[in-house]
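Visitor: based on what follows, work out the 3D shape:
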Amino acid sequence: MKLVDIDSIFPSHYNPRQADEERLSKVSWSLSTFGFLLPLVIHPDGEILSGHQRHRVAKELGFTQVPVMVSKELPIEKRKTFNILFNRGTNDLHQTTRTFQMSDVPKGITPTTDPYPCLSYEMSDIQPFLQKNVHRFRPYATVTAQQLSKISPLPPLIATRDNRVLNGLGRLHLWAMKKMERIPVVFIEEERADAVDMALNQLSMDFTIHEEYADMLRTGAFRRRLTSRAGLGLGMYIHLFQKPSNQMKALKGKERIQWIRYYGKTICDFGAGHLTDTHILREAGIDVTPFEPYHCPPGSSQVDKDASLAIVDHFLSVIATGKAFSTIFLSSVLNSVPFQADREHIVALLAGLCTEKTKVAVWAMNRTNNGYTRFFREERSNNFSKNGQFLLDYEEGILLGDLSRGTPKVQKYHTKQELLQLFTPFFEHVRMRELEQQYYIEAETPTITKERVREAIAFEFNLPYSDGSRMDRVSAALEAFEQRWERVGWKA
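Guide: Here you go, the predicted structure:
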């Protein structure tokens, strides 16, 4: 930690926190009363990664210097990722806590005479803190501390003299795992402890990741290398064949005949990922047209934009011919799409691709899925996990993960009612069944206007890429769909 001139650092333009005047007034009260209990974290060029509100308020209070810790050099996407971590990691609580009321503050708390108590930490024996607080450890806080430690030094523990931790449970747990014997601690007088707890853990800002980071969440929706598989995806066969995951490495024999009898031989694989399902079905003699805006080739950890656009362009050339699909598959896509409006656009597009006999087959994880329930089991059982997931509160059933890899990914876990509400506005017939902690949906007979499909096209064919560019295929897609509708006589 060091003191720097307050004007030598500057806010990031992408910080996803919003602050109203009431909350800023509480930040002002906290700084005036306790000073800087924790330092700001800045990038080497002076960009603030953590501490935007304190920096703003400190200027208003007349501070000329602020305490900082300096991170490693990071590209912009990594900075955004760690900004999310800092925003979620400022307290030891799992979900956004309520903001305290000034009427809750204990009486008699006087302003500090030390504006920078974080600089006056003491090196203390870790064992008394472990004995006092081990029952309070939470994987959420520990994972956050672990990820933040990769790019920046961790700030001191904030605690009372009787070893009660007021802020830093995750840091304490991580230091214990690293077998540190002595740790930095800023000690707080007992009579000020409850007020400090409020200032550090109950002074939350509105976290608007779904607004400020919307495009980053969209570009993170690709299938990761770690989730690649050798066999046909469950959503492609589980409705017909009660076989476990990855047990269908090929489609042949009687199962091929049964599959074709049910799904047909002209397939659209919408959201084809690594193209695994596309290749397996093609090997079985089935005509498959894939669509994948974020293709990550097997063995790679990044989206190949050129390959993705080639898939999109081929898709548009096929649909322009008026080819009628017997079945359109949408497997796991709805779990990776971060926003409800985006999912509605996708379902609208599927309806716009249908002919009278087309079946839409959908596979989506629900909230009994292990990926969702494990998150809460770990919190209850205090098992340490390296998943580094966060529960986001802009929508029910949303987890954010993959932060450690710098490409945050949303996982949306659906309820039956949510999926029905998603499909019934666009299809006359919708059937659902629950299989393997997921929902299998079949939808037929579209009930949609061309204008609504055009709205979906304007979204889906101008998706963002991580380099700041966009797909830029809206005009081509509109032309392809119009040609398709004319050829198939689509009059909706």
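Visitor: low-confidence ranges in this structure?
Guide: Within the chain, the ranges that satisfy pLDDT under 70 run 15-19, 87-100, 204-209, 212, 226, 243-246, 378-388, 404-406, 492.
Visitor: per the record, what domains does it have?
Guide: For the chain, automatic domain parsing gives the domain ranges 2-99+119-207, 215-488.
Visitor: would CSV of the ones you listed with mean neighbour count and distance to residue 107 be doable?
Guide: For glycine as for every other residue, the C-beta is placed from the backbone atoms N, C-alpha and C. Output for those, formatted as CSV (neighbours: other C-beta atoms under 10 Å; distance: least, C-beta to C-beta, whole Å):
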stretch, mean neighbour count, distance to residue 107
domain 2-99+119-207, 18, 10
domain 215-488, 18, 33
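Visitor: can you put those in a markdown table and add distance to residue 112?
Guide: Output for the domains of the chain, formatted as a markdown table (distance: least, C-beta to C-beta, whole Å):
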| stretch | distance to residue 112 |
| --- | --- |
| domain 2-99+119-207 | 5 |
| domain 215-488 | 32 |
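Visitor: go through these and name the closest to residue 105.
Guide: With C-beta to C-beta as the measure, domain 2-99+119-207 is the member of these nearest residue 105 (5.4 Å).
Visitor: wait, which of the domains of the chain is closest to residue 106?
Guide: Judged by C-beta to C-beta, the one of the domains of the chain that comes nearest to residue 106 is domain 2-99+119-207, at 5.5 Å.
Visitor: so for residue 113, which of the domains of the chain sits nearest?
Guide: Nearest to residue 113 among those is domain 2-99+119-207; the distance by C-beta to C-beta comes to 8.7 Å.
Visitor: quick revisit: nearest to residue 108, out of the domains of the chain?
Guide: domain 2-99+119-207 (7.5 Å).
Visitor: how far does the closest one sit from the chain's center?
Guide: How far domain 2-99+119-207 lies from its chain's middle: 22 Å, per C-alpha atoms, centre = their mean, to the nearest Å.
Visitor: the one helix or strand residue 441 maps to: what's the following helix or strand?
Guide: Residue 441 is part of strand 438-446, with elements assigned from DSSP states H and E. In the C-terminal direction, the helix or strand that comes right after strand 438-446 (DSSP H and E) is helix 450-460.
Visitor: helix or strand right after that next one?
Guide: As assigned by DSSP H and E, the chain's next helix or strand after helix 450-460 is helix 474-488.
Visitor: what's the angle between that next one and helix 450-460?
Guide: With axes from the mean of the first three to the mean of the last three C-alpha atoms, to 10 degrees applied, the angle from helix 474-488 to helix 450-460 works out at 140 degrees.
Visitor: report all helices and strands that helix 474-488 contacts.
Guide: Judged by 3 or more C-beta pairs under 8 Å, 6 or more residues apart in numbering; DSSP states H and E, helix 474-488 is in contact with helix 305-320, helix 450-460.
Visitor: can you redo those as TSV with distance to residue 65?
Guide: What follows is the helices and strands packed on helix 474-488, written out as TSV (distance: least, C-beta to C-beta, whole Å):
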stretch	distance to residue 65
helix 305-320	44
helix 450-460	47
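Visitor: among those, which is nearest residue 61?
Guide: For the helices and strands packed on helix 474-488, proximity to residue 61 was assessed by C-beta to C-beta; helix 450-460 is nearest, at 44.6 Å.
Visitor: how about the helices of the stretch 251-400 of the chain, start to end?
Guide: Listed in chain order, the helices of the stretch 251-400 of the chain (DSSP state H, counting those that start in this stretch) span 253-263, 276-283, 305-320, 333-336, 340-353, 370-381.
Visitor: quick revisit: and of the helices and strands packed on helix 474-488, who's closest to residue 351?
Guide: Distance to residue 351, taken as C-beta to C-beta, is lowest for helix 450-460 among these, at 7.0 Å.
Visitor: may I have the phi/psi pair for the closest residue to residue 293 other than its chain neighbours?
Guide: Using C-beta to C-beta, 6 or more residues apart in numbering and skipping residues adjacent in sequence, the residue nearest residue 293 is residue 463, 5.1 Å away. Main-chain torsions, residue 463, degrees, to the nearest 10: phi -60, psi 150.
Visitor: state the distance from residue 463 to residue 477.
Guide: For residue 463, the distance to residue 477 equals 11 Å [C-beta to C-beta, to the nearest Å].
Visitor: minimum distance to residue 423: which of the helices of the stretch 251-400 of the chain has it?
Guide: For residue 423, the closest of the helices of the stretch 251-400 of the chain is helix 340-353, at 6.0 Å, according to C-beta to C-beta.
Visitor: contacts for the closest one?
Guide: Outside helix 340-353, the residues that touch it by C-beta atoms under 8 Å, 6 or more residues apart in numbering are 218, 268, 270-271, 319, 325, 328, 330, 333-334, 337, 360, 395, 412, 422-423, 426-427, 443, 446-448, 450, 452-453, 455-457, 459-460, 481, 484.
Visitor: for the stretch 1-150 of the chain, what spans make up the strands?
Guide: Counting by DSSP state E, counting those that start in this stretch, one finds strands in the stretch 1-150 of the chain at the ranges 2-5, 17-18, 40-42, 48-50, 65-70, 122-125.
Visitor: just checking, what packs against the longest one?
Guide: To tie it back to what came earlier, the one meant is strand 65-70. The elements that strand 65-70 packs onto, with contact taken as 3+ C-beta pairs under 8 Å, 6+ apart, are strand 2-5, strand 40-42, helix 52-61.
Visitor: tilt between the longest one and strand 65-70?
Guide: So that's helix 52-61. Going by the same axes, to 10 degrees, helix 52-61 makes 160 degrees with strand 65-70.
Visitor: contact partners for the residue sitting furthest away from the middle of the chain?
Guide: Largest separation from the mean C-alpha position in the chain: residue 108, at 42.6 Å (C-alpha atoms, centre = their mean). Shown in contact with residue 108 (C-beta under 8 Å, 6+ apart): residue 191.
Visitor: so how far is residue 351 from the closest residue to residue 325 other than its chain neighbours?
Guide: Leaving aside its sequence neighbours, residue 325 sits nearest to residue 268 (C-beta to C-beta, 6+ apart; 4.5 Å). Separation of residue 268 from residue 351 (C-beta to C-beta): 13 Å.
Visitor: next: residue 184.
Guide: Using C-beta to C-beta, we find residue 184 at a distance of 59 Å from residue 351.
Visitor: hang on, isn't residue 447 packed against residue 426?
Guide: Yes. Using C-beta atoms under 8 Å, residue 447 is in contact with residue 426, at 6.4 Å.
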